[in-house]
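In: sharing a sequence plus its predicted fold:
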Amino acid sequence: MPTARINGFDMYYETSGGGFPLVFVHGGFGGLGTGMGAEVPPWRERFARHFQVVTYDRRASGRSGYPETGFTMENLARDIVELLGHLGHSRAHVWGTSAGGQIALAFGLEFPAAATSLVVTDSAPWLSQDEDLKARLSERIRILSEEGPLAAYEARSTAGTVGLNLFVGRPARGEQEERAQEQGMERIREMLRNTPRAERIAKYAGELHNYSAYIDWDATPRLKDLRPPTLVMYGTEDSVFPAQGSRDMARLIPNVETKAFEGAEHGVTRFPEALDQIMLFLQRHTPPARQSD
């Protein structure tokens with residue numbers, strides 16, 4: 001299995017194709033939410049005909065290690081830099097989706113020389129603007145820090161779940177889509193039933209550690225300093241990361257292109273038009289000496 005010691009933890013990664021590197025930063029906040037591993041993006045084979053597509057399971061996510069330290073946005077971006085160095089690259093396109101979008105922004109802000117371009121889909125320059133949600137999440141992170149993983153896990157029963165609802169979305173359009181959504185939720189429930197309690201506790205701690213990197217991070221004041229060419233795509237009815245965050249990026253980032261999908265929920269890359277535009281953007285900004293055939 002392609003695992004390497006990267007920036008203090010064991011990182012699972014895969015590469016596909018050749019050419020200039022494109023690093024994909026998956027969404028979610030780790031823990032049980034990423035299951036046994038981040039899903040392979042359905043577009044990978046197509047993009048691998050033009051780029052070396054690099055996918056990896058983020059810190060405390062999927063098949064990577066679950067360290068207890070290193071959870072700052074700058075360090076999550078440094079994980080990418082270290083992975084690129086391991087692969088023999090000094091620069092790359094970086095595409096972050098959903099909660100991976102903030103990491104892509106941090107990569108561009110903290111390591112601009114390594115960022116050839118950025119693609120940010122279904123994301124925002126902050127975790128949330130709901131102060132009550134952030135307060136409840138901060139309290140759960142405090143319990144983890146002061147009382148330990150078991151206490152934080154058991155707080156789910158007494159005080160409920162906390163964090164963004166990553167499973168909300170537009171209503172099903174017809175019986176077939178409703179069945180598909182229910183089957184997806186049943187796979188998650190089955191995974192939870194088959195995961196030993198000790199592992200669930202450890203992975204929930206990993207999820208909270210990841211949230212701790214996001215909770216007070218807001219790139220908005222620094223977006224004007226973001227130098228790499230950046231493509232921002234979003235749905236105007238996104239219920240995970242509201243569209244205002246993407247509008248802020250489109251307004252403040254100096255070298256930005258943007259595409260809004262009217263009425264669309266979270267997950268705009270399901271639209272062929274989105275993938276076509278991302279491909280053209282990346283090809284346009286790939287250094288000429290490394291352009292693929």
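Out: Noted; the coordinates are in hand.
In: low-confidence regions, the stretch 1-150 of the chain specifically.
Out: Within the stretch 1-150 of the chain, the segments meeting pLDDT under 70 span 1, 34-38.
In: strands of that one, start to end?
Out: 3-6, 9-16, 21-25, 52-56, 92-97, 115-121 (DSSP state E, counting those that start in this stretch).
In: now render those as CSV, adding distance to L127 and mean neighbour count.
Out: For the C-beta atoms, the positions are set from N, CA and C on the backbone; glycine is no exception. Rendered in CSV, the data for the strands of the stretch 1-150 of the chain read as follows (distance: least, Cβ to Cβ, whole Å; neighbours: other Cβ atoms under 10 Å):
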stretch, distance to L127, mean neighbour count
strand 3-6, 24, 16
strand 9-16, 22, 18
strand 21-25, 15, 26
strand 52-56, 21, 23
strand 92-97, 14, 26
strand 115-121, 14, 26
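In: could I get these as CSV with distance to L192?
Out: CSV is the format used below for the strands of the stretch 1-150 of the chain (distance: least, Cβ to Cβ, whole Å):
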stretch, distance to L192
strand 3-6, 25
strand 9-16, 21
strand 21-25, 25
strand 52-56, 24
strand 92-97, 24
strand 115-121, 28
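In: tell me which of the ones you listed sits nearest to E139.
Out: Closest to E139 of the strands of the stretch 1-150 of the chain, according to Cβ to Cβ: strand 9-16, at 26.4 Å.
In: related to what we said a few turns ago, out of the strands of the stretch 1-150 of the chain, which is closest to I141?
Out: Taking Cβ to Cβ, strand 9-16 is the member of the strands of the stretch 1-150 of the chain nearest to I141, at 19.2 Å.
In: got the contact list for stretch 245-255?
Out: 105, 120, 123-126, 220, 223-224, 226-230, 232-234, 238, 256, 258, 260 (Cβ atoms under 8 Å, 6 or more residues apart in numbering).
In: switch the cut-off to 7 Å
Out: Stretch 245-255 has contacts (Cβ atoms under 7 Å, 6 or more residues apart in numbering) with 120, 123-126, 220, 223-224, 226, 229-230, 232, 234, 256, 258.
In: ok, of the residues you listed, which one's closest to N194?
Out: Set against N194, the nearest of the contacts of stretch 245-255 by Cβ to Cβ is S123 (31.0 Å).
In: quick one: that closest one from A243, how far?
Out: S123 sits 11 Å away from A243, going by Cβ to Cβ, to the nearest Å.
In: the two: which is more packed in?
Out: More crowded of S123 and A243, by other Cβ atoms under 10 Å: S123, with 28 against 19.
In: nearest residue to that one other than its sequence neighbours?
Out: Excluding its sequence neighbours, the residue lying closest to S123 (Cβ to Cβ, 6 or more residues apart in numbering) is G101, at 2.4 Å.
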